[in-house]
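Colleague: sequence plus the predicted model coming up.
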Amino acid sequence: MAYEWLPPSKKHEPRWPGRLVESITLSNGLILEIWDYSRKLAGDRWLVGMLAQIVVEAPPEAFSRPDLYEVFLEEEEGKVYYRHRKERTFVDEREREALFDQLKIRFLEAALSYLSHPSFRERLIAAEVALYERRKLWEEEIRRKDEELDRLEEEWKDKPI
């Protein structure tokens, strides 16, 4: 899997630094962060990267089971994220700033009304919590099957076939 740059947090330190370029308070009260994680690739060539991010606290009532919420708090610090990346590779160093500005402007033109919708927060929480719960339930099922397989192997290891 390719490396995806993320802003620094309590549990994550990115491989290379980025900078918060802008924080926009949306009409629905959410805060849209625009990050620049561009870096030099080789010589005068750059990877130009923009990350747009909204961080939302997920309430316990969004979860179907309290134990899943507790695991979510531990693993994800109680937050769900909207993240959108735009990247261009092997960009000339002289064009780097202009290209980043263009990526940012085009993103904001296309997405600002969607992100500002009054129900965006609730829909984001519902979608991300559903994905998280499905993943956790799948992991539980895999763990149960592995334990059953281990039990059967132990039970049958000394029996003649």
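Modeller: Perfect, I can see it now.
Colleague: where exactly do the helices run in this protein?
Modeller: In the chain, the helices defined using DSSP state H lie at 66-76, 96-115, 120-156.
Colleague: redo the ones you listed as a markdown table? Include distance to V56, mean neighbour count and mean pLDDT.
Modeller: In this view, the C-beta of every residue, glycine as well, is placed from N, C-alpha and C. Shown next, in a markdown table, are the helices of the chain (distance: least, Cβ to Cβ, whole Å; neighbours: other Cβ atoms under 10 Å; pLDDT from 0 to 100):
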| stretch | distance to V56 | mean neighbour count | mean pLDDT |
| --- | --- | --- | --- |
| helix 66-76 | 11 | 14 | 95 |
| helix 96-115 | 11 | 14 | 98 |
| helix 120-156 | 6 | 12 | 95 |
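Colleague: contact partners for V80?
Modeller: By Cβ atoms under 8 Å, 6 or more residues apart in numbering, the contact list for V80 reads V55, V56, A58, L124, I125, E128, V129, Y132.
Colleague: hmm, back to that, to L41, which of the helices of the chain lies closest?
Modeller: Minimum separation from L41 across the helices of the chain (Cβ to Cβ) falls at helix 96-115, 11.1 Å.
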